[in-house]
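A.B. asks: any chance you can model this:
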Amino acid sequence: MLNNAIDTKHARILIPINLTSSYCMPDSLVSSAAAIEVIHLSKRVADVSGTTGADPAHQLEILRDINFNVATATTLAIVGASGSGKSTLLGLLAGLDTPSEGCVKIGGVDIFALDEDGRAAVRKQQLGFVFQSFQLLGHLNALENVMLPLELRGDREARRKAEQMLERVGLGSRLKHYPRYLSGGEQQRVALARAFVTEPPLLLADEPTGSLDAATGAAVIELMFALNRERGSTLVLVTHDASIAARCAQSITIAAGRLVEQR
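C.D. replies: Here you go, the predicted model:
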C-alpha cells in the first residue's frame, strides 16, 4: 500500500495506507526508506531533428544518472545555473514527468511503478507545491485559493483551517482579496498558505523568490522555513541563491544535467 503522513515528534512521517478506496499497490513496490530516494535517474528528449528513437546518441540529455537521498523532516536545496536541469529534476520528484531511466521513491514507494492515477494520488496526499509564478487562481480570492486543496479532500473544516493559515502568514485582513489586488509578496504568502494548509509531509518549491524583489524574497523565505520547522515536513527547493541553499541541511549542485556536488 502507499503511504500517508502522521505527526510523530513533530516530523511528518510516511506510513502505509491505501491511495484511495479503489487504488491498491503491490507490497513489493514499497520499502521503508528516506523521505525521497533518487536512483540512477536520467531524462532524455527528442533532439532538434525530432528523433525519438531509443539510441541516446540521437537524443538531448537533460539529466544523467542522478543519485541522492533526502532524509525525513529535513531541507534540501537543488542549485545550478539556468538550463542545468534543476526544474526538470523537481518535476520528476513530483511525478509530473517520467524519466528515461531510474526511479524516484517517496516514502519507499517507486512512484514510476504507478500509473498516472496512482501518481496523482501521491501528489494529492503527500505533496505541497510552491511555484515561482504563484499559480493562484485569479477567479478565487485568497481564502478560496487556500481552501481549495482542503475542499478537494472533502475536509469539512476547510474554511476554518484556511483562515487560520492565512492569519499565520500575516494575511488575516486580506481574505477576500483577489490575486490581482495583492502584491507579489502577498501572492506568494497565499501560495505558501495553500501549500502548507494540508500539512503535507513533503513540500517542493521551485524558485519561490524568483519573481520577488530582494527584501520581499527574504521575508518569504524566512516564512517558508519557519512554517517548515513548525510542521516538521521535508522541504526540497530549487534555487540559484547561494544564501538560501546555505540554510538547507543538504544541497546538491546540478551542472549540464549531472550531479556534480553534494553536501
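
A.B. asks: please make it C-alpha for all contacts and neighbour counts, starting now.
C.D. replies: OK.

A.B. asks: does Asn67 sit in a helix, a strand or a coil?
C.D. replies: Assigned by DSSP: H, G, I helix; E, B strand; the rest coil, the conformation of Asn67 is strand.

A.B. asks: so how many other residues sit close to it?
C.D. replies: Neighbours of Asn67 under the rule other Cα atoms under 10 Å: 16.

A.B. asks: just give me how far stretch 70-80 sits from the chain centre.
C.D. replies: 11 Å (Cα atoms, centre = their mean, to the nearest Å).

A.B. asks: do stretch 215-232 as well
C.D. replies: That offset, for stretch 215-232, works out to 15 Å (Cα atoms, centre = their mean).

A.B. asks: can you show me the strands along this structure?
C.D. replies: 2-8, 11-17, 36-46, 59-70, 75-79, 101-106, 109-110, 127-131, 202-206, 234-239, 250-255, 258-262 (DSSP state E).

A.B. asks: which strands or helices does the third one pack on?
C.D. replies: Looking back up the chat, that one is strand 36-46. Applying 3 or more Cα pairs under 8 Å, 6 or more residues apart in numbering; DSSP states H and E, we find strand 36-46 packed against strand 59-70, strand 101-106.

A.B. asks: next, the angle strand 127-131 makes with the shortest one.
C.D. replies: Between the axis of strand 101-106 and that of strand 127-131 there is an angle of 110 degrees, by axes from the mean of the first three to the mean of the last three Cα atoms, to 10 degrees.

A.B. asks: what's the mean pLDDT across strand 101-106?
C.D. replies: In this model, strand 101-106 has a mean pLDDT of 95.

A.B. asks: return the set of buried residues in that strand.
C.D. replies: Within strand 101-106, the residues scored as buried using 16 or more other Cα atoms under 10 Å are 102-106.

A.B. asks: go on, the first one?
C.D. replies: Of the residues in strand 59-70, those scored as buried under the neighbour-count criterion (16+ other Cα under 10 Å) are 59, 61-64, 66-67, 69-70.

A.B. asks: which pair in those residues spans the largest distance?
C.D. replies: The two members of the buried residues of strand 59-70 with the most space between them (Cα to Cα) are Gln59 and Val70, at 29.5 Å.

A.B. asks: return the item of the buried residues of strand 59-70 having minimum pLDDT.
C.D. replies: On pLDDT alone, Gln59 ranks lowest of the buried residues of strand 59-70, at 83.

A.B. asks: you'd agree Ile39 is up against Cys103?
C.D. replies: Yes - Ile39 is in contact with Cys103 according to Cα atoms under 8 Å; the separation is 5.4 Å.

A.B. asks: in TSV, list the buried residues of strand 101-106 along with distance to Gly232.
C.D. replies: TSV is the format used below for the buried residues of strand 101-106 (distance: Cα to Cα, whole Å):
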residue	distance to Gly232
Gly102	28
Cys103	25
Val104	22
Lys105	20
Ile106	16
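
A.B. asks: which one among the residues you listed gets closest to Arg231?
C.D. replies: Ile106 (18.2 Å).

A.B. asks: pLDDT weak spots in the stretch 51-200 of the chain?
C.D. replies: Within the stretch 51-200 of the chain, the ranges that satisfy pLDDT under 70 run 51-57.
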